[in-house]
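**Q** sequence plus predicted model, see below.
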Amino acid sequence: MSRPQIIEDASAKPETSPLPASESGDPGREITDRTLQARFRKRLLSAEHEFSLQVDFAAEPGFSILFGPSGAGKTTLLDCVAGLALPDAGRIAVNNRVLFDGEARLNLPVAKRQVGYDFQDLALFPHLNAKQNVAYGLAHLSRTARRQRALAVLDALRIAHLSQRRPAEISGGERQRVALARALVTDPSVLLLDEPLAALDAGTKSRILDDLRQWNQAHRIPILYVTHSREEVFALGERVLVLDNGQIIAQGTPHEVLSAPQHETVAQLAGFENIFDARVEALHAERGTMTCRLATSGTDSLQHAKLELETPLVRAEVGTQLRVGIRAGDILLAVVPPVGLSARNIIAGRLVSLEQRDVIVRARINCGVKMEVHLTLAARDALQLHPGRDVWLVIKTHSCHLMAN
Amino acid sequence: MSIDWQAFWLTLELAAVVSAILFALGLPIAYWIAFSRWRWKFLVEAALALPIVLPPTVLGFYVLLALGSRSPLGRWWQSLTGHTLAFTFAGLVIGSILYSLPFAVQPLAASFSSVDRKLMAASATLGASPFRTFSRMVLPLSVPGLITGVALSFAHTMGEFGVVLMVGGNIPGVTRTVSIDIYDKVQTSNYSAANETALLLLVLAFAILSFVYAVNRKVWIIGPAR
């Protein structure tokens, strides 16, 4: 199946750039790769707490994923780039075009920033049909050019057949495509997407992302994509910025950032159900491992349990405090003492509780610390697990991820 | 037939002129009320709402003073036209505009304010100026509010009495409106004639209000697309 390329043909795209050249300050921007550079801070006072957003990052063409828990400041960050929120200080620019500069007291109005913004709740104009929604940002073009371009983008996003329908008359996925088309048609120099696909099923989501990716191969602009879904981070690949409490606490490829998290917040976001304080007990440089003693989680004073784990060797000394993260899905569970395994950590414990969530079973095991283990329904039934049963946990050395404390 | 048709048509004319002017005047005022962040805005809002609570005679009295030959406005008008504004149709229009202003502005401002701010933000990111955002997005989404504002100011002007009496007096064909006519008829114990005219006003007022509520009810049935 050949998919239509999202490349606007020459007739649909007049020489005039969406805004006068004097605004863009960069006449060659049709072909240049654009990079967003943002370094700013903004204090927000809410009823509950004072919150400060302070970021410094560059976003190259392609997806940059803003990942973080809700309340981390992701939407505020986007609002600052779009001009809907005013930073206290800093500088935001796309290549040489300055959008905001606190020192120079420059704050380009929202309407002149050429920033495409796909809002979390879409914000489609309810009184306009799909085509009118898309053409809304093309006021500077002639009626014919406007029509042609709107239809070209609707076509590229496979919603040309819905052009006469109003937002209330189409499905969620289609609505999302209209919102995306509306943002893309203006040929923005940066695209901001605020959890745009959160409400869609996986298939619809990935088809829209494919189309968006294809569009961006022709346009080469930075796309800031906000999400709090781990799956989306891995699906989009490229680059991820982890935002927590207003700060970027990690950045890199999803694999770098999420598979071996350096930070506890990242670890929680990345799905490490088991995170323990630990102390290095012994180094085994020759084996490339070390022994860590776990502390009972949830207490302020570190009471060190008897439990020791063999973990990968990191730069640390005996007595160093650090954290160990273990994914619940990485732990094997046995009902008899296992023998003849390569795994270095075999821990005896007692099953405390079983809880079914969808198709996985969350087992809680007390083995000096509380450990969460994920099992399949079949495994639960085959092993005839029930609370109170003695079990053994098997954890590979490299399933233990070490983080700075 | 004992309805004074001259007074009736004069009243309709007054209401039409006043609601047309109020529509033009109310748009910018309501826009300002809805979107200004000026900290003393509440004072302006309170002043605009005054005609709702003031006795019409109080309002009419001050309008009369303002229009009279002792006030700057009155003198200016007199030097321009050779006669005073008081006891003329133009004077009546001015008094009625003030009297019905909140009935035009409040529905407009309320419907402007209820437009989702996210939509306005979206409009701005699409390069639209505030004026374009207003004309292409806020106004179309406020149609029920516009209709309500015009209809209420029309109906309210039709039914006014105190201000008309103070400012316009009772000059047939010039300032004698239906409500004054009814008062006259009652004064002369012509109850059946008063009843006919009063009934006509009652039916008209009910029809206009039903229209207003029907228009606004429609909004609830269709609802803004989400």
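**A** That came in fine, so what should we check first? Numbers count the residues shown, from 1 in each chain, chains lettered A, B, ... in the order given.
**Q** please parse chain A into its domains.
**A** Domain assignment for chain A by automatic domain parsing gives A:10-266, A:272-404.
**Q** among those, which comes closest to chain B?
**A** Among those, the nearest to chain B by Cβ to the nearest Cβ is domain A:10-266 (3.3 Å). In short, each C-beta sits where N, CA and C put it, glycine included.
**Q** now the closest one: how far from the chain's centre is it?
**A** 14 Å (Cα atoms, centre = their mean, to the nearest Å).
**Q** average pLDDT for it, rounded please.
**A** If you average the pLDDT over domain A:10-266, you get 83.
**Q** contacts for the one helix or strand A:A278 maps to?
**A** Element membership of A:A278, judged by DSSP states H and E, is strand A:274-284. The contact list for strand A:274-284, computed with Cβ atoms under 8 Å, 6 or more residues apart in numbering or on different chains, reads A:264, A:267-268, A:290-295, A:297, A:302, A:304, A:308-310, A:313, A:316-328, A:331, A:369, A:371-372, A:403, A:405.
**Q** repeat that for 6 Å
**A** A:267, A:290-295, A:297, A:302, A:316, A:318, A:320-326, A:369, A:371-372 (Cβ atoms under 6 Å, 6 or more residues apart in numbering or on different chains).
**Q** neighbours of the closest residue to A:F51 other than its chain neighbours, how many?
**A** Distance criterion Cβ to Cβ, 6 or more residues apart in numbering or on different chains; nearest residue to A:F51, sequence neighbours excluded, is A:L44 at 4.6 Å. Using other Cβ atoms under 10 Å in any protein chain shown, A:L44 is surrounded by 14 other residues.
**Q** do the same with A:L322
**A** A:L322, neighbours per other Cβ under 10 Å, totals 17.
**Q** angle of the helix or strand hosting it against strand A:274-284?
**A** Counting by DSSP H and E, the element that carries A:L322 is strand A:321-326. The directions of strand A:321-326 and strand A:274-284 differ by 120 degrees, with axes from the mean of the first three to the mean of the last three Cα atoms, to 10 degrees as the criterion.
**Q** what sits up against strand A:321-326?
**A** So strand A:321-326 is contacted by A:264, A:267, A:272, A:274-279, A:399-403, A:405 (Cβ under 6 Å, 6+ apart).
**Q** out of these, who's the most crowded?
**A** A:A278 leads these on contacts (other Cβ under 10 Å) with 28 neighbours.
**Q** ranges for the helices of the stretch 301-405 of chain A?
**A** A:377-383 (DSSP state H, counting those that start in this stretch).
**Q** okay, now the unreliable bits of it?
**A** A:301-305, A:404-405 (pLDDT under 70).
**Q** what do you get if the cut-off is 80, keeping everything else the same?
**A** A:301-306, A:357-358, A:403-405 (pLDDT under 80).
**Q** in it, which spans are strands?
**A** A:304-312, A:321-326, A:332-334, A:345-357, A:360-366, A:370-376, A:390-395, A:401-404 (DSSP state E, counting those that start in this stretch).
**Q** winner for burial among those?
**A** Highest mean neighbour count among these (mean count of other Cβ atoms under 10 Å in any protein chain shown): strand A:321-326, with a mean of 21.
**Q** on that earlier part again, Serialize the strands of the stretch 301-405 of chain A to a markdown table and add fields for distance to B:L14.
**A** Output for the strands of the stretch 301-405 of chain A, formatted as a markdown table (distance: least, Cβ to Cβ, whole Å):
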| stretch | distance to B:L14 |
| --- | --- |
| strand A:304-312 | 89 |
| strand A:321-326 | 79 |
| strand A:332-334 | 87 |
| strand A:345-357 | 71 |
| strand A:360-366 | 75 |
| strand A:370-376 | 78 |
| strand A:390-395 | 88 |
| strand A:401-404 | 79 |
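**Q** ok, which of the ones you listed comes nearest B:L201?
**A** strand A:345-357 (68.4 Å; Cβ to Cβ).
**Q** now tell me what touches the closest one from outside.
**A** Contacts of strand A:345-357 (Cβ under 6 Å, 6+ apart): A:309-310, A:361-367, A:387, A:389-395.
**Q** send the alpha carbons of the lengthiest helix in chain A over as CSV?
**A** Counting residues, the longest helix found in chain A (DSSP state H) is helix A:202-219. In CSV, the C-alpha atoms belonging to helix A:202-219 read as follows (Å, rounded to 0.1, in the frame of the first residue of the first chain):
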residue,chain,number,x,y,z
ALA,A,202,-2.8,2.4,19.7
GLY,A,203,-3.5,1.7,16.0
THR,A,204,-5.0,5.2,15.3
LYS,A,205,-2.2,6.7,17.3
SER,A,206,0.6,5.1,15.4
ARG,A,207,-1.0,5.8,12.0
ILE,A,208,-1.2,9.5,12.8
LEU,A,209,2.3,9.5,14.1
ASP,A,210,3.5,7.8,10.8
ASP,A,211,1.8,10.6,8.8
LEU,A,212,3.3,13.2,11.0
ARG,A,213,6.8,11.8,10.7
GLN,A,214,6.4,11.7,7.0
TRP,A,215,5.3,15.3,6.9
ASN,A,216,8.3,16.3,8.9
GLN,A,217,10.7,14.6,6.6
ALA,A,218,9.8,17.3,4.1
HIS,A,219,9.7,20.1,6.6
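**Q** what residues does chain A put near chain B?
**A** A:82, A:84, A:110-111, A:115, A:117, A:119, A:123, A:126-127, A:136-137, A:167-168 (Cβ under 6 Å from any Cβ of the partner chain).
**Q** turn those into TSV, including neighbour count, distance to B:S135 and secondary structure.
**A** Below are the residues of chain A next to chain B laid out as TSV (neighbours: other Cβ atoms under 10 Å in any protein chain shown; distance: Cβ to Cβ, whole Å; DSSP: H, G, I helix; E, B strand; the rest coil):
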residue	neighbour count	distance to B:S135	secondary structure
A:A82	25	22	helix
A:L84	23	21	coil
A:V110	22	17	helix
A:A111	20	14	helix
A:V115	30	23	strand
A:Y117	29	21	strand
A:F119	23	22	strand
A:A123	22	18	coil
A:P126	19	17	coil
A:H127	19	13	coil
A:Y136	25	12	helix
A:G137	27	15	helix
A:P167	23	20	helix
A:A168	14	22	helix
